[in-house]
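A.B. asks: Quick check, what structure comes out for this input:
(2 chains)
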Amino acid sequence: MANTATSLSSCGAPAVHFNRSSENLAAAPPAKQKAKYKERGNVLAEDQIVQMSKQLETFKSNLEEFASKHKQEIRKNSQFRVQFQEMCSTIGVDPLASGKGFWSEMLGVGDFYYELGVQIIEVCLALKHRNGGLITLDELHHRVLKGRGKYAQDVSQDDLMRAIKKLKVMGNGFGMIPVGGSYLVQSVPAELNMDHTVVLQLAEKKGYVTVSEIKDSLKWEKERACHVLDHLLKEGLAWLDSQAAEEAQYWLPALFAELTSRDVTPEEANQMTP
Amino acid sequence: MDRFSWSNGLLEINETLVIQQRGIRLYDGDDKAKLDSGVALLSTHRLIWRDVKNHECCIAMPLSQIVFFEEQAAGIGKSAKIIIHLHATPANKETGPYQHSKYSFIKLSFKEHGQIEFHRRLTEEMTQKRWESTPASQPIPTATGSQTGRTRAVGIVGIERKIEEKRKETDKNISEAFEDLSKLMVKAKEMVELSRSIANKIKDKQGNITEDETIRFKSYLLSMGIADPVTRETHGSGTHYHMQLAKQLGDMLQVPLEERGGMMALTEVYCLVNRARGMELLSPEDLVNACKVFESLKLPLRLRVFDSGVMVVQLQSHSEEEMISSALDNVSCTIPNIMLTLTRFRRHAVLDTHLRKMSSHSRETSRFNALNSFRDVFGRLLLLQVSDKGSLTAEEFAKLLGLSVLLSKERLLLAEKMGHLCTDDSVEGLRFYPNLF
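C.D. replies: Residues are numbered from 1 along each chain as shown, chains lettered A, B, ... in the order given. So this is what the prediction gives:
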């Protein structure tokens, strides 16, 4: 009589062959049938957990071997990291989910990205008073690299983006807005909908935008443009230059090039405001 | 092609043949050379080419002339090639088939294949550079000859070579690493499928999986980085790891929380904890999952999520509900006692004034017992602070209390929700006023 036990031991992936066991159970009364199914299900799942435990041990030692040979590659080579991450996501594994995960412990991927997360938060916090919590990925990259010092490992923009994706789970409004071929990194929970995003994208070329430009490019009415700009002002993401030649200009500090701005500390900023 | 010199093709003492390949056509740069069919011989010291039709026609070039080389894949009607980039001609080079060439590279075209092996061997020889350690008996003009005016080139040559070697070495390592990684991923995928099967069974409640086993299963998922399909509804206790972590956080965050007005944004906690650890850092998810079990472990901290999505860790003694019960249960509802309860949480000078104001006001009405809801008290406190100043923005409030702007804004918004404050929303920002309506 065929039974389900054999199907388990034959290969790694367990298969539930209820059809075979139903041959035996077809004759039994329904209540007993149910109980037998339940029993089989019990054995199967428990067995599977034991099996998984064994497979885990094997996997762990395989990973250790891999780590002993190639740990350096991950640390030094950002391209390799990209490939590694993509392979993991293809099979449904998140190597950065927990510091206690095998990947993190043995390959050291975790510490690399978690520390990067800390550095990203610190940079965003330091500049928030100036740009309202919005910063270009380029500037973020530049400042993180600067903060890490010249002897630290190299960090690519892909690395930053993955670290930011992880930070989202802590609910502080971390997000990325596609703008002009790259991204703006948002680090405050300001509500930014499609309208705001589109205006940001429009402002990307010159660092500022006017109501007329919005009306011309996006074909919006004045009301809609003003509503969006006012929101950006309120959130501290935009600064108003009402002394501009023709028309008031709305500047976005996040988009200022490094060269044209000077860093001001929060203390200085407080002293400056009336 | 002007780097080649005529040669008799005989190997010198200490020079060994590494590989030879027929059907090689030579190119001077991109131009086909007349030397269109011959045998290429690679030795430990030189690259030699002999014409297949005329054996007397034989040329050679020292390997030290080579800067680097690359493969060019075969195309339609075109053979695979190896492109070899060369240093400048040394002054003492002996005559060869070309006096002068406008190119500084040559190509070997493999009309009868064999390029893969040849490339591999060439790589080996260029890496090992055996010609440097075992000089052949006949002097061969090399680019590393100590001639005046060449020292700078030597330095750059050395560096270029090292860079090239490193690149090749890295490439080799990476391909090996990828191979190993792919094998690893296949095994990982099996685990993922197995875990999905188990998770489905648990979900369908097939069989009697014990709580212990479920916790064990969850820890397996954690180790592999597989998303937990069994939702927290069953236990909400996460794994042992998270419970342990929660206890650590409970110890670690007491003082920092008290210093920061009893509340810290989760990102702040993340930075604080990881900076302190230095190694074996927590992932953001680890932190969130640990915070979720504070309550079930009866630790004096709470995870709180505001409407905006902002997540904070808060001293449990700070949550309003706790305040209500402690004020009512543990303390008799007299003015001095409630005052004492309040001052335990806040030691700000401004607050003291408000407390005194409030108590004097209540003594007049002698209706302090009506303050049943501590929310009401808290709200009124806020109200008094705001009306004292006339109005407050989040930034001003933050400065007053020593809280971060983010959190002070949340507090003010909460007070608005409870009806104690109303707001003036303008371009200049959000300003909070006492609600006189």
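
A.B. asks: Chain neighbours aside, what residue packs nearest to residue A:200?
C.D. replies: residue A:179 (5.7 Å; CB to CB, 6 or more residues apart in numbering or on different chains). Every residue, glycine included, has its C-beta placed from N, CA and C.

A.B. asks: Any idea which residue is closest to the centre of chain B?
C.D. replies: In chain B, the residue lying closest to the centroid (CA atoms, centre = their mean) is residue B:283, at 11.7 Å.

A.B. asks: in the stretch 301-437 of chain B, what residue is nearest chain A?
C.D. replies: residue B:311 (3.7 Å; CB to the nearest CB).

A.B. asks: same for the host helix or strand of residue B:117, what does it pack against?
C.D. replies: Following DSSP states H and E, the helix or strand that holds residue B:117 is helix B:115-128. If you count contacts as 3 or more CB pairs under 8 Å, 6 or more residues apart in numbering or on different chains; DSSP states H and E, helix B:115-128 packs onto strand B:17-28, strand B:38-43, strand B:66-72, strand B:80-86, strand B:105-110, helix B:151-203.

A.B. asks: For the third one, list every residue counted as buried.
C.D. replies: Of the residues in strand B:66-72, those buried by neighbour count under the rule 16 or more other CB atoms under 10 Å in any protein chain shown are B:66, B:67, B:68, B:69.

A.B. asks: which residues sit in contact with residue A:195?
C.D. replies: A:224, A:227, A:228 (CB atoms under 8 Å, 6 or more residues apart in numbering or on different chains).

A.B. asks: Can you say which of those residues are buried?
C.D. replies: For those, buried by 16+ other CB under 10 Å: residue A:228.

A.B. asks: and residue A:219, how many neighbours does it have?
C.D. replies: 8 (other CB atoms under 10 Å in any protein chain shown).

A.B. asks: Same question for residue A:252.
C.D. replies: When neighbours are counted by other CB under 10 Å, residue A:252 registers 24.

A.B. asks: Report the separation between it and chain B.
C.D. replies: 16 Å (CB to the nearest CB, to the nearest Å).

A.B. asks: Surely that residue touches residue A:200?
C.D. replies: Yes: Residue A:252 is within contact range of residue A:200, at 6.8 Å (criterion: CB atoms under 8 Å).

A.B. asks: Distance-wise, check the residue nearest the centre of chain A relative to chain B.
C.D. replies: The centroid of chain A falls nearest to residue A:165 when counting by CA atoms, centre = their mean (1.0 Å). According to CB to the nearest CB, residue A:165 stands 10 Å off from chain B.

A.B. asks: where does residue 239 land on pLDDT?
C.D. replies: This is for chain A. Residue A:239 carries a pLDDT value of 88.

A.B. asks: um, chain B though
C.D. replies: At residue B:239, the pLDDT recorded in the model is 76.

A.B. asks: and stretch B:271-291 with chain A, contact?
C.D. replies: Yes: counting by CB under 8 Å from any CB of the partner chain, chain A is contacted by stretch B:271-291 at B:271, B:274-275, B:279-288.

A.B. asks: List buried residues within these.
C.D. replies: B:271, B:274, B:281, B:282, B:283, B:284, B:285, B:286, B:287, B:288.

A.B. asks: ok so, going back, give me the neighbour count for the residue nearest to residue A:200.
C.D. replies: So residue A:179, with other CB under 10 Å, has 21 neighbours.

A.B. asks: can you pull up the bridge partners for it?
C.D. replies: residue A:182 (DSSP bridges).

A.B. asks: Tell me which residues touch it, please.
C.D. replies: A:136, A:197, A:200, A:201, A:204.

A.B. asks: among the helices and strands of the chain, which has the poorest mean pLDDT?
C.D. replies: As the question left the chain open, I've gone with chain A. Here the helix or strand of chain A ranked lowest by mean pLDDT, DSSP states H and E is helix A:4-10, holding a mean of 42.

A.B. asks: my question was about chain B
C.D. replies: Per mean pLDDT, DSSP H and E, bottom of the list for chain B is helix B:320-329, a mean of 40.

A.B. asks: Report the set of residues contacting both of residue A:252 and residue A:200.
C.D. replies: Common contacts of residue A:252 and residue A:200, defined by CB under 8 Å, 6+ apart, comprise residue A:134.

A.B. asks: for the stretch 251-400 of chain B, what spans make up the strands?
C.D. replies: Assigned strands in the stretch 251-400 of chain B, in chain order: B:263-265, B:301-305, B:311-315, B:392-393 (criterion: DSSP state E, counting those that start in this stretch).

A.B. asks: coming back round to it: determine which two of the buried ones among the residues of stretch B:271-291 next to chain A are furthest apart.
C.D. replies: Farthest pair in those (CB to CB) is B:271 and B:285. Separation: 15.7 Å.

A.B. asks: Just give me the neighbour total for residue B:305.
C.D. replies: By other CB under 10 Å, neighbour count at residue B:305 equals 11.

A.B. asks: Identify the residue nearest it in space, chain neighbours excluded?
C.D. replies: Per CB to CB, 6+ apart, closest to residue B:305 is residue B:311, 5.2 Å.

A.B. asks: Burial check on the one you found, number of neighbours?
C.D. replies: Around residue B:311 there are 20 residues (other CB under 10 Å).

A.B. asks: residues touching it, list them.
C.D. replies: A:170, A:171, A:172, B:265, B:266, B:288, B:291, B:303, B:304, B:305.

A.B. asks: One more pass at 7 Å, please.
C.D. replies: A:170, A:171, B:266, B:303, B:305 (CB atoms under 7 Å, 6 or more residues apart in numbering or on different chains).

A.B. asks: Mark which of those are buried, thanks.
C.D. replies: By 16+ other CB under 10 Å, the contacts of residue B:311 give A:170, A:171, B:266, B:303 as buried.

A.B. asks: I figured the third one was touching residue A:168, is that so?
C.D. replies: Think residue B:266. No: with contact defined as CB atoms under 7 Å, residue B:266 does not count as touching residue A:168 (11.3 Å).

A.B. asks: which residues does the closest residue to residue B:81 other than its chain neighbours contact?
C.D. replies: Counting by CB to CB, 6+ apart, residue B:81 lies nearest to residue B:72, which is 4.3 Å off, once chain neighbours are set aside. By CB under 7 Å, 6+ apart, the residues touching residue B:72 are B:80, B:81, B:83.

A.B. asks: for the second one, which residues make a bridge with it?
C.D. replies: For residue B:81, the beta-bridge partners are residue B:72, residue B:109 (DSSP bridges).

A.B. asks: how near is it to chain A?
C.D. replies: In terms of CB to the nearest CB, residue B:81 sits 27 Å off from chain A.

A.B. asks: what residues are up against that residue?
C.D. replies: Taking CB under 7 Å, 6+ apart as the test, what residue B:81 contacts is B:72, B:107, B:108, B:109, B:110.

A.B. asks: Please tabulate the residues you listed in JSON lines, including the columns pLDDT.
C.D. replies: Formatted as JSON lines, those follow (pLDDT from 0 to 100):
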{"residue": "B:72", "pLDDT": "87"}
{"residue": "B:107", "pLDDT": "91"}
{"residue": "B:108", "pLDDT": "91"}
{"residue": "B:109", "pLDDT": "91"}
{"residue": "B:110", "pLDDT": "90"}
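
A.B. asks: Which stretches in the stretch 1-150 of chain A count as strands?
C.D. replies: A:134-136.

A.B. asks: now the helices for it?
C.D. replies: Per DSSP state H, counting those that start in this stretch, the stretch 1-150 of chain A carries helices over the ranges A:4-10, A:18-25, A:30-76, A:78-91, A:102, A:109-131, A:137-148.

A.B. asks: Contacts made by the shortest one with the rest, please.
C.D. replies: For helix A:102, contacts defined as CB under 7 Å, 6+ apart pick out A:60, A:63, B:223, B:224.
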